[in-house]
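# Mind folding the following:
(one chain, ligands or ions: 1)
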Amino acid sequence: MKMKTDRRKFLKSIAGLSSLAASVAPGILSAKSSAGTSNARVHDIRLAKNKGYLRLVFDLKGTAEHSVFALHKPERVVLDIKNTKMSHGMVDRLQADSLIRSIRSGVRNKNDLRVVLDLSESVTPRSFLLAPSGKLGHRLVIDLHDKKKSTTVKKASKRDVIIAIDAGHGGRDPGATGRSGTHEKIVTLQIAKRLEKLINKQRGMKAVLTRKNDRYMRLRDRIHKARDNHADLMISLHADAFPDPRARGSSIYALSVDGASSETARMLAEKENAADLLFGDVNLTVEDQMVKEVLFDLSLTGTIESSLDIGGEILGQIKTVNRVHKKKVQQAGFAVLKAPNIPSVLLETAFISNPREEKNLRSASHQQKVAKAITRGVNKYFARKAPPGTWLAAYEGEYSVNNGDDVKTIAKNYNVKEEDLRARNALYADNLMAGQVIKIPVS
Ligand SMILES: [Zn+2]
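This is a model prediction of the structure:
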């Protein structure tokens, strides 16, 4: 009896594939199953490569309604499963693949599960449910079909993690100005260039600047630049200003969807967002397609969670070079941080309105210290959580540190470069701890 119902459900979901495909916008394929609405749970995800397509299998406890659709530029496939739960680390367990750049999951409408696959190329997604058979329970199958007919297999090389560095303001928008006449737009660009150099020196990371010279740029063009370069992270650099010259210190911000974490954070976001209203020819209205897309993507809490995580790492390093305002990453609705599915943080490096900090902001050695601290923070995050398919995510083995070990000897024993071992594990100090597990990088 049970078998029969499941079989009917399965057939129904298959039938839904062809009829629904025609009813939605071009380029978007949607398939809805008509299974029950009881609570389901994903207890495993498997990935299998087949000729011409990649198959993802979600092992479910219970059945669930689902829909799948593709989004373009950047290429994504979105899977929504109704009334379904999945443990947090589930998607992280999947093996890296050259097609899937990253997999993220989040909760929608309190009970629904959303899984987003960031892809390196356009695919046609198909989905269906399989009824339990033998030892296997309910399965939701997503097939990602190649659009290209060619069967040449691309060699899966390990890509770099891309860091978009955004020097705040520029051109006719000078940003804040210090008492000695220093413009925010100048120091942010100088720090951005130093940061670019340091990041490009680091194995596994590549920097992209949103602007390379003193020119005006709309906030959304900065986001586009990051997106077009497939950035894995965007860091927007700024310098704070306050009427009271005693105000000082660094602070770091991530986007918030539920409002600002403090009144100061809200006011700061308004100030930075105003650049487009004051100097630009476009205002960021809700009608803006970009914003719509952003709001869509923000239903995934994953991006913000990652931003907070990276922000925390950077803050931890910035602490060593400057006093920090707040011990935690602050949140507010910064327009420049609204890059769809790119974790983004905004760093207020210091107060340009504070004479001492203004001097620091102009100093080459201080700028370098700040850039170094940011690089370390970024590296620390990506050594832990690099997207699948990147050099920083890959490793050939793990090594458990013994008393008296040093980085140089371990590198030599494994025949890898010391600097690669350091980059892969974000090792900046020499005091390895016994029992510490380090990853052996791929060459
Ligand atoms: Zn600014």
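# Mean confidence (pLDDT) on the helix or strand hosting residue 266, please.
Secondary structure assigned from DSSP states H and E places residue 266 in helix 263-279. Mean pLDDT, computed over helix 263-279, is 70.
# Find me the pLDDT at residue 260, would you?
For residue 260, the predicted pLDDT is 61.
# swap that for residue 113, please
pLDDT at residue 113 comes out at 90.
# Assign it to helix, strand or coil.
Recorded secondary structure, residue 113: strand (DSSP: H, G, I helix; E, B strand; the rest coil).
# Make residue 1 into 222 and carry on from there
Let's use 222 as the start, then, which means that last one is residue 334.
# So what sits opposite it in the bridge?
Bridge pairing for residue 334 (DSSP bridges) gives the partners residue 302, residue 328.
# can you tell me which residues contact it?
263, 301, 302, 305, 306, 307, 326, 327, 328 (CB atoms under 8 Å, 6 or more residues apart in numbering). C-betas here are computed from N, CA, C, even on glycine.
# Please identify which helix or strand holds the residue of the stretch 372-521 of the chain found nearest the ion.
In the stretch 372-521 of the chain, the residue that lies nearest the ion is residue 459 (3.4 Å; CB to the ion). Taking DSSP H and E as the criterion, residue 459 maps to strand 454-461.
# coming back round to it: would you turn the contacts of residue 334 into JSON lines with neighbour count and distance to the ion?
Formatted as JSON lines, the contacts of residue 334 follow (neighbours: other CB atoms under 10 Å; distance: CB to the ion, whole Å):
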{"residue": "263", "neighbour count": "22", "distance to the ion": "42"}
{"residue": "301", "neighbour count": "21", "distance to the ion": "37"}
{"residue": "302", "neighbour count": "26", "distance to the ion": "41"}
{"residue": "305", "neighbour count": "26", "distance to the ion": "42"}
{"residue": "306", "neighbour count": "16", "distance to the ion": "41"}
{"residue": "307", "neighbour count": "21", "distance to the ion": "39"}
{"residue": "326", "neighbour count": "22", "distance to the ion": "33"}
{"residue": "327", "neighbour count": "19", "distance to the ion": "30"}
{"residue": "328", "neighbour count": "16", "distance to the ion": "33"}
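# residues contacting residue 408?
460, 570, 573, 582, 583, 588.
# residue contacts, the residue in the stretch 222-371 of the chain that the ion sits nearest to?
Minimum separation of the stretch 222-371 of the chain from the ion (CB to the ion) falls at residue 295, amounting to 26.9 Å. Residue 295 sits next to 339, 340, 448, 451, 561, 562 when contact means CB under 8 Å, 6+ apart.
# and it, how far is that from residue 451?
7 Å (CB to CB, to the nearest Å).
# quick revisit: name the helices or strands packed onto the helix holding residue 487?
On a contact count with 3 or more CB pairs under 8 Å, 6 or more residues apart in numbering; DSSP states H and E, helix 484-500 meets helix 440-449, strand 472-476, strand 551-553.
# Tell me which of these is the most buried.
Across the helices and strands packed on helix 484-500, averaging neighbours per residue (mean count of other CB atoms under 10 Å) puts strand 472-476 on top, at a mean of 26.
# in its sheet, what does it sit against?
According to DSSP bridges, strand 472-476 has the following sheet partners: strand 551-553 (parallel), strand 565-572 (antiparallel).
# do you know which of the ones you listed lies nearest the ion?
Among the strands paired with strand 472-476, strand 565-572 sits nearest to the ion (CB to the ion), with 7.4 Å.
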